[in-house]
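Undergrad: The following block contains a protein sequence and its predicted model.
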Amino acid sequence: MKTALITGITGQDGAYLAEFLLEKGYSVHGVKRRASLFNTDRIDHLYRDPHERGVKFKLHYGDLTDATNLIRIIQETKPDEIYNLAAQSHVMVSFETPEYTANADALGTLRLLEAIRILGLSKKARFYQASTSEMYGKVQEVPQTEKTPFYPRSPYGVAKLYSYWITVNYREAYEFFACNGILFNHESPIRGETFVTRKITRAVARIKLGLKQKLFLGNLNAQRDWGHAKDYTEAQWLILQQERPDDYVIATGEQHSVREFVESSFREVGIDIGWKGEGMDEKGLDNSTGKVIVEIDKRYFRPTEVDALLGDPSKAKKELGWSPKVGFKELVSEMVREDLKEAERDQLCKREGFRTFKYHE
Amino acid sequence: MNKKKALICGISGQDGAYLARLLLEKGYGVYGTSRDAQVSSFHGLASLGIRDRVVLESMAINDFRSVLQTLSKVAPDEIYNLAGQSSVGLSFQQPVETLESISVGVLNLLEAIRFIGLPIRFYNAGSSECFGDTRGAPADETTPFHPRSPYAVAKATAFWELSNYREAYGLFALTGILFNHESPLRPNRFVTKKIVTAACRIASGSKEELQLGNISITRDWGWAPEYVEAMWLMLQQERPDDFVIATGQSHALAEFVAEAFSCVSLDWHDHVIIDPSLYRPTEISIGRGNPAKAEQILGWKARHMMRDVVRMMVEHELTPENK
């Protein structure tokens, strides 16, 4: 029976991966940051009372900014596989907190690699680094492959690029079984609420039910390669099961704009959206009522934008036998459906006089 | 016109000393920082005879308060960031300090410049190590990075941080991607200085053997005092842009060794032994730069090539007052 350690267990990918590995029979250890609010919603269904016998899922308090803490957790759990999914993962927020982003996303990875080295576990523990398509930033070729040069356009992209290279370096210098999964955008109903896809599907559900009037967005023309997080989880695992450590692009190979995401989401709830105006004055209207339901807010533009990302997953297809199962339409439809359920619950609570939260950004 | 002010972060190193001399000659007020200005020896400044002409400040580049305080106090027109852990070999032993002093350091400087809001021009010292192994192809400004050491990964990170701040916030900031540049002010842990000093000692009677790692590696070696001119030129352009600075010629380390020993009339084969423990975990076999853009836009061109560099380093070492 194998043991896996997942940093970032409370996030979207951590939750899917934990579930996936538990199903495969792994013992799963997760690292979560201490917070004054509960932050384990996404893994609540996996939790077992530690007083029961044979519990295979355990959480540890930890933080990628604390080296000795990481050394201790790895020493205690002696994992066969380490998945580093923890990060300050929001591109826009990285412009506001560049130093913290570097500390967690760049130094954090180095601290983990050093912990493995200090503990002499480089032969035992395989290491997965969650790299990102944001490293391609201002893209140097289309589509992007494992050989495309990088051009990061945000403190987040720069910090992640450090982690990419230091992972490669520890593989080359010390023969770590260390790999990068260069994942393009991957979404799901448990995507963080401040990421654009989830922000859209939540708003669409709430506008449909009359809990919200308008959705404010930034760059509608940004193009992304969106897949389903659940599919990408399998790729993360497959990358560590190969004979040799290597880096892989994980993507759908299909590109859609934020605008298309908005249109598809509204279509899911039976709202036909039309566009009027240009640039900052562009507005999205409900074609049947004429009401403005989408507006542009310049606050959501990044100081440096990443216009278009498109991944080429050929290598993953060929070597890992991996391909995505969920397409764009299906992804949007699942996200909207789940957010409708949540909105309906809030609507019910509100109607019965209970307090609900708006969770503004 | 008021005298221009330049702040050199990391003034106690080789490049800091030569750059300070150049800027003084050009009439700048020169301010320099070191982690602890009270205890630093500033040997380089002293040996160039300019220690008293530079205002020295203590600044820890990985501490934002310290960076901000220094920038506010000096209010420089130009900043040259040469600070940071500078040894590739040492970066394998101290990867965290390497990242903090290089990447966090640059981030602090960029943030401080943004915060202060003065039209400061910012030069950051990049490194040819970022290119990694180009398999003999000369690297220019468009060559993708492939760093092969914690030092190089940190320098690549600093490059992209700076590039992003230039594009996102319009700062006049740029990176000089300098290939190896040597001088008598190199500390002994750098292989060039280690070779020259050993050859000179052996020539004057020492029985020692010189232990070296991989001597088949090829590098592009230039003369440091020329390279600091390129730094200054970059900040005098209309637009901020990055430049590769190199001689355009590369040589095997074995050739460097042979040249140094031949300068003192010795055959290196009699005095050098290869110690595999000095090999690096990951090594770059060929380093070669293409400085065409610097020549075209800055009008800069290397005047001294590898053999001149060796000769000047040996001559310096053999001059009695420099011992």
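TA: Okay, I see it. Numbering: from 1, shown residues only, chains lettered A, B, ... in the order given.
Undergrad: domain ranges for the chain?
TA: This is for chain A. A:3-183, A:196-223+A:256-307+A:328-352 (the TED database).
Undergrad: I was after chain B.
TA: B:5-181+B:222-245, B:187-219+B:250-287+B:305-322 (automatic domain parsing).
Undergrad: can you give me the end-to-end distance of the longest one?
TA: Read it as domain B:5-181+B:222-245. Domain B:5-181+B:222-245 has an end-to-end distance of 24 Å (CA to CA, to the nearest Å).
Undergrad: for it, the distance to its chain's centre please.
TA: 8 Å (CA atoms, centre = their mean, to the nearest Å).
Undergrad: does any bit of it sit next to chain A?
TA: Yes. Counting by CB under 8 Å from any CB of the partner chain, contacts between domain B:5-181+B:222-245 and chain A involve B:64, B:92, B:95-96, B:99-100, B:103-104, B:107-108, B:111, B:144-145, B:147-150, B:152-154, B:156-157, B:160-161, B:164, B:167-169. Using the backbone N, CA and C atoms, a C-beta is placed for each residue, glycine as well.
Undergrad: how much space between residue A:228 and chain B?
TA: Applying CB to the nearest CB, to the nearest Å, the value for residue A:228 to chain B is 30 Å.
Undergrad: residues in contact with that residue?
TA: With contacts defined as CB atoms under 8 Å, 6 or more residues apart in numbering or on different chains, the neighbours of residue A:228 are A:186-188, A:324-326, A:330-331, A:334.
Undergrad: picking up where we left off before, could you single out the most deeply buried of the domains of chain B?
TA: Of all the domains of chain B, domain B:5-181+B:222-245 carries the top mean neighbour count, a mean of 21, counting by mean count of other CB atoms under 10 Å in any protein chain shown.
Undergrad: picking up where we left off before, could I get the contacts of residue A:228 as a markdown table with neighbour count, pLDDT and secondary structure?
TA: Below are the contacts of residue A:228 laid out as a markdown table (neighbours: other CB atoms under 10 Å in any protein chain shown; pLDDT from 0 to 100; DSSP: H, G, I helix; E, B strand; the rest coil):
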| residue | neighbour count | pLDDT | secondary structure |
| --- | --- | --- | --- |
| A:186 | 27 | 98 | strand |
| A:187 | 27 | 98 | strand |
| A:188 | 24 | 98 | coil |
| A:324 | 26 | 97 | coil |
| A:325 | 11 | 97 | coil |
| A:326 | 20 | 98 | coil |
| A:330 | 11 | 98 | helix |
| A:331 | 27 | 98 | helix |
| A:334 | 18 | 98 | helix |
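Undergrad: List just the nearest of those residues to chain B.
TA: Nearest to chain B out of those is residue A:186 (CB to the nearest CB; 23.6 Å).
Undergrad: if we can go back for a sec, could I get the domains of chain B as JSON lines with mean pLDDT?
TA: Shown next, in JSON lines, are these (pLDDT from 0 to 100):
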{"stretch": "domain B:5-181+B:222-245", "mean pLDDT": "96"}
{"stretch": "domain B:187-219+B:250-287+B:305-322", "mean pLDDT": "94"}
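Undergrad: Can you say which of the domains of chain A is packed in most?
TA: Among those - counting mean count of other CB under 10 Å - the highest mean neighbour count belongs to domain A:3-183, which has a mean of 20.
Undergrad: Would you mind measuring the gap between the ends of it?
TA: Using CA to CA, one end of domain A:3-183 lies 23 Å from the other.
Undergrad: Spit out the contact partners of residue A:58.
TA: By CB under 8 Å, 6+ apart, the neighbours of residue A:58 are A:27-30, A:50.
Undergrad: In contact with the closest residue to residue B:178 other than its chain neighbours, which residues?
TA: Leaving aside its sequence neighbours, residue B:178 sits nearest to residue B:245 (CB to CB, 6 or more residues apart in numbering or on different chains; 4.6 Å). Listed by CB under 8 Å, 6+ apart, the contact set of residue B:245 reads B:176-179, B:181, B:222, B:227, B:230, B:289, B:291, B:294, B:300.
Undergrad: Same check on residue A:338?
TA: With contacts defined as CB under 8 Å, 6+ apart, residue A:338 is in contact with A:189, A:201.
Undergrad: What of residue B:257?
TA: Each residue near residue B:257 by CB under 8 Å, 6+ apart is listed here: B:195, B:210, B:212, B:215, B:268, B:272.
Undergrad: Remind me what the helix or strand hosting the first one packs against, helices and strands.
TA: Put plainly, it is residue B:195. Per DSSP states H and E, residue B:195 falls inside helix B:191-203. Helices and strands touching helix B:191-203, by 3 or more CB pairs under 8 Å, 6 or more residues apart in numbering or on different chains; DSSP states H and E, are strand B:210-212, helix B:253-263, helix B:306-318.
Undergrad: just the helices in chain B please.
TA: Shown for chain B, the helices assigned by DSSP state H span residues B:14-25, B:43-47, B:64-74, B:88-93, B:95-99, B:105-116, B:150-169, B:191-203, B:224-235, B:253-263, B:292-293, B:306-318.
Undergrad: Go through those and name the closest to residue B:283.
TA: Evaluated over these, closeness to residue B:283 peaks at helix B:88-93, with 9.3 Å, by CB to CB.
Undergrad: Leaving out sequence neighbours, find the closest residue to residue B:287.
TA: residue B:219 (4.7 Å).
Undergrad: The one you found reaches residue B:255, doesn't it?
TA: No. Between residue B:219 and residue B:255 there is no contact under CB atoms under 8 Å: 9.9 Å.
Undergrad: Return every residue with contacts to both of these two.
TA: By CB under 8 Å, 6+ apart, no residue touches both residue B:219 and residue B:255.
Undergrad: Can you name the residues of the stretch 151-300 of chain A sitting close to chain B?
TA: A:151-155, A:157-159, A:161-162, A:165-166, A:169, A:172-174.
Undergrad: For chain B, state which of those is nearest.
TA: Taking those together and measuring to chain B by CB to the nearest CB, the closest member is residue A:173, at 3.4 Å.
Undergrad: Kindly reformat the helices of chain B as a markdown table containing distance to residue A:231.
TA: A markdown table is the format used below for the helices of chain B (distance: least, CB to CB, whole Å):
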| stretch | distance to residue A:231 |
| --- | --- |
| helix B:14-25 | 50 |
| helix B:43-47 | 57 |
| helix B:64-74 | 41 |
| helix B:88-93 | 38 |
| helix B:95-99 | 33 |
| helix B:105-116 | 35 |
| helix B:150-169 | 30 |
| helix B:191-203 | 50 |
| helix B:224-235 | 47 |
| helix B:253-263 | 49 |
| helix B:292-293 | 44 |
| helix B:306-318 | 54 |
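Undergrad: Minimum distance to residue B:132: which of the ones you listed has it?
TA: helix B:150-169 (6.7 Å).
Undergrad: now for that closest one, which elements pack on it?
TA: helix A:155-174, helix B:88-93, helix B:95-99, helix B:105-116, strand B:121-125, strand B:172-178.
Undergrad: Could you export the ones you listed as TSV, including distance to residue A:92?
TA: Shown next, in TSV, are these (distance: least, CB to CB, whole Å):
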stretch	distance to residue A:92
helix A:155-174	9
helix B:88-93	32
helix B:95-99	24
helix B:105-116	17
strand B:121-125	25
strand B:172-178	22
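Undergrad: which ones are touching the residue of the stretch 201-323 of chain B at minimum distance from chain A?
TA: In the stretch 201-323 of chain B, the residue found nearest to chain A is residue B:281; the distance is 3.4 Å by CB to the nearest CB. By CB under 8 Å, 6+ apart, the residues touching residue B:281 are A:172-174, B:92.
Undergrad: Looking at those residues, spot the one nearest residue A:299.
TA: Set against residue A:299, the nearest of the contacts of residue B:281 by CB to CB is residue A:172 (42.4 Å).
Undergrad: Could you find the closest non-adjacent residue to that closest one?
TA: Distances taken as CB to CB, 6+ apart place residue B:282 nearest to residue A:172, at 4.7 Å, with adjacent residues excluded.
Undergrad: So the one you found versus residue A:168, what's the distance?
TA: 9 Å (CB to CB, to the nearest Å).
Undergrad: Same question for residue A:199.
TA: According to CB to CB, residue A:199 and residue A:168 sit 34 Å apart.
Undergrad: just residue B:7 next, same as before
TA: Separation of residue B:7 from residue A:168 (CB to CB): 35 Å.
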